[in-house]
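1. Mind folding the following:
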Amino acid sequence: RNTTPNICRLANSGMIFENHFSQSSWTTPNQFSFLTSVNPEIHNVKNAFVDRLDNRIVTLTESLRKNGYKTVWGGYTLFTVNEENGGLRGFSDAYPDDLTSDRWQTIIGEFYENYQKEKTPFFIYFYGSDLHFPYRLDSRDVHEWIKTIPEDYPVTVEEIDKIIGSYLKDNSEKIFSKEIITEYPEIFLNNEDMNGEKLISWFWSLASATFDGTDEEKTKVLSQFNWRVWKIIYDAYIENVKTLAAQKYGDRIVEFTRTAYDVRLNQIDQNMEDFIDSLLTGEQLRDNTIVVFLSDHGEEFMEHGGFEHHTLYNELLRIPLIIKVPGISPRRVQEPTQTIDVFPTILDLVGIKIPKSAQGISLVSYLTGEKDKNTEDRYIVSSNGDSTAIQNRQWKMIKNYLPERIGSELYYLVQDSQEKENLRT
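-> Numbering: from 1, shown residues only. Take a look at the predicted model:
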């Protein structure tokens, strides 16, 4: 399927790093690795609500701001980087909302206008969380691909919310404390709310940080399940999907879920069309702006028995990286690279000294057509708290810490790129 024609236009105008790997299969640790150029085991920020970045670790935005840049965050912050965990350290401006691509263009326009007046360079980090499991579509009419998905397989916001609402109602005593249930009887003890509609509305208000209450109330309620919000959503959806698989559809659930993902991805791509046009053809940005496009992690579709992003197999770790630099011709790079390399690459491109704390390397030698021999046999380390993986071009080892998983896994990637034959067994 041609899911991303606009992103592909951007890719074809820049450098495509075809073997680029994430530092984690979870969003928060990989974002902090991007911002610090250190591995998750060093910055140790895996949980956005519990962990905090060590002040001794220098961030990309601190380096840029120190050298006269405006540094701007645009996007969702509640379950990612925020003021409390140190992720917004070094940002001079922040727009902590889920932003549309139109809003992105407006923000860029504002800072570019300021650049023309005051010659203040800017760095803007736009983050989008629209493509997250389960892939919730506005309706079944948004794309013709959805016609292949049966009516009883949940893919719309309304259909999925009903599942989550019922799950929250049936499992409220496991998910929430007795104190919270007693304090909000109109939510938890409302017999008329059979499908948990009020409960799901309340739940999403918490998840989107729009919960109506005092700061003390918000902290109190969020503390009951804050970092587990996505696990609750995952468990609710997977319970329903497993039932459908067992009773009716079998392995076809993978096809249906992948189709919903493709539709959501295509929607995001279409929404970015004008924004990408402004980067590729707009004279203001085209000739003097470096563009970096990358992902936090991939998604899994039962390649190793699950959905979403809970493991460290390469369907989750191998992610896109596109770098477009004015005056540098498009090309493809085969050598392995990783998220921690982006920070030093950006600083190198704009002539700022790379901090000694950075564990990544600059990729400028690839951008200029040279080849850095030091990258050929690099080891890439990724972790998510449950597991740690280390790999080079030939070998990959995974150490799992959860008792329900195999302790250690070893794969010879030259002959087993899909990681199906564990040589440690």
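2. Do a quick rundown of the helices in the stretch 51-200 of the chain.
-> Secondary structure of the stretch 51-200 of the chain, counting by DSSP state H, counting those that start in this stretch: helices at 60-66, 101-118, 157-170, 172-175, 178-183, 185-188, 197-207.
3. okay if I get those helices as a markdown table plus mean pLDDT, distance to Glu144 and mean neighbour count?
-> Where you see a C-beta, it was placed from the backbone N, CA and C, and this is true even at glycine. Output for the helices of the stretch 51-200 of the chain, formatted as a markdown table (pLDDT from 0 to 100; distance: least, Cβ to Cβ, whole Å; neighbours: other Cβ atoms under 10 Å):
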| stretch | mean pLDDT | distance to Glu144 | mean neighbour count |
| --- | --- | --- | --- |
| helix 60-66 | 97 | 41 | 20 |
| helix 101-118 | 79 | 23 | 15 |
| helix 157-170 | 87 | 18 | 19 |
| helix 172-175 | 77 | 38 | 13 |
| helix 178-183 | 75 | 44 | 13 |
| helix 185-188 | 74 | 39 | 14 |
| helix 197-207 | 73 | 29 | 18 |
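4. can these go into CSV with extra columns for distance to Ser22?
-> Output for those, formatted as CSV (distance: least, Cβ to Cβ, whole Å):
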stretch, distance to Ser22
helix 60-66, 16
helix 101-118, 23
helix 157-170, 26
helix 172-175, 29
helix 178-183, 35
helix 185-188, 37
helix 197-207, 23
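5. which stretches of the stretch 301-425 of the chain have low pLDDT?
-> Within the stretch 301-425 of the chain, the segments meeting pLDDT under 70 span 371-376.
6. ok, 90 please
-> For the stretch 301-425 of the chain, residues meeting the criterion pLDDT under 90 lie at 305-310, 367-378, 384-386, 401-407, 424-425.
7. show me where it has helices.
-> Ranges of helices in the stretch 301-425 of the chain, per DSSP H, counting those that start in this stretch, are 314-317, 342-349, 364-367.
8. between those helices, which gets nearest to Ala94?
-> Relative to Ala94, the nearest member of those by Cβ to Cβ is helix 342-349, separated by 18.9 Å.
9. Now do Glu299, the pLDDT please.
-> Glu299 carries a pLDDT score of 94 in this model.
10. Also Ser223?
-> Per-residue pLDDT puts Ser223 at 56.
11. do Ile290 as well
-> Ile290 is given a pLDDT of 94.
12. residues near it, how many?
-> Per other Cβ atoms under 10 Å, the neighbour tally for Ile290 reads 16.
13. mind checking how far it is from Ser365?
-> Using Cβ to Cβ, to the nearest Å, one obtains 16 Å as the distance from Ile290 to Ser365.
14. Could you check how far the closest residue in space to Asn288 that isn't next to it in sequence is from Ile290?
-> Nearest non-adjacent residue to Asn288, counting by Cβ to Cβ, 6 or more residues apart in numbering: Pro326, 6.0 Å away. Distance, Pro326 to Ile290, by Cβ to Cβ: 7 Å.
15. before we move on, what about Arg264?
-> To Ile290, Arg264 is 28 Å away according to Cβ to Cβ.
16. cool, His304 as well?
-> His304 sits at a distance of 36 Å from Ile290 (criterion: Cβ to Cβ).
17. wait, what's in contact with Asn6?
-> Contacts for Asn6 (Cβ atoms under 8 Å, 6 or more residues apart in numbering) come out as 269-270, 272-273, 276.
18. Go ahead and build a ChimeraX selection from the buried members of these.
-> The following ChimeraX line selects those of the contacts of Asn6 that are buried, judged by 16 or more other Cβ atoms under 10 Å:
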select :269,272,276
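19. now, the most widely separated pair of the contacts of Asn6?
-> Gln270 and Ile276 (10.5 Å).
20. for the residue most central in space within the chain, helix, strand, or coil?
-> Note on the chain: the residue nearest the mean C-alpha position is Asp296, at 3.6 Å, using Cα atoms, centre = their mean. What DSSP: H, G, I helix; E, B strand; the rest coil gives for Asp296 is coil.
21. still on that earlier bit, tell me which residues touch the residue nearest to Asn288, please.
-> 286-290.
22. For Leu367, see how far away it is.
-> With distances taken as Cβ to Cβ, Pro326 is found 11 Å from Leu367.
23. pretty sure Pro355 contacts Ser63?
-> Yes - Pro355 lies in contact with Ser63 (Cβ atoms under 8 Å); the separation is 6.4 Å.
24. Of all the residues in the longest helix seen in the chain, which ones are buried?
-> Longest helix in the chain by number of residues (criterion: DSSP state H): helix 252-271. By 16+ other Cβ under 10 Å, the buried positions in helix 252-271 come out as 253-254, 256-269, 271.
25. Kindly report the same for stretch 38-52.
-> 38-40, 42-49, 51.
26. could you redo those as a markdown table and give each row pLDDT?
-> Output for these, formatted as a markdown table (pLDDT from 0 to 100):
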| residue | pLDDT |
| --- | --- |
| Val38 | 96 |
| Asn39 | 96 |
| Pro40 | 94 |
| Ile42 | 93 |
| His43 | 95 |
| Asn44 | 92 |
| Val45 | 92 |
| Lys46 | 87 |
| Asn47 | 80 |
| Ala48 | 78 |
| Phe49 | 73 |
| Asp51 | 88 |
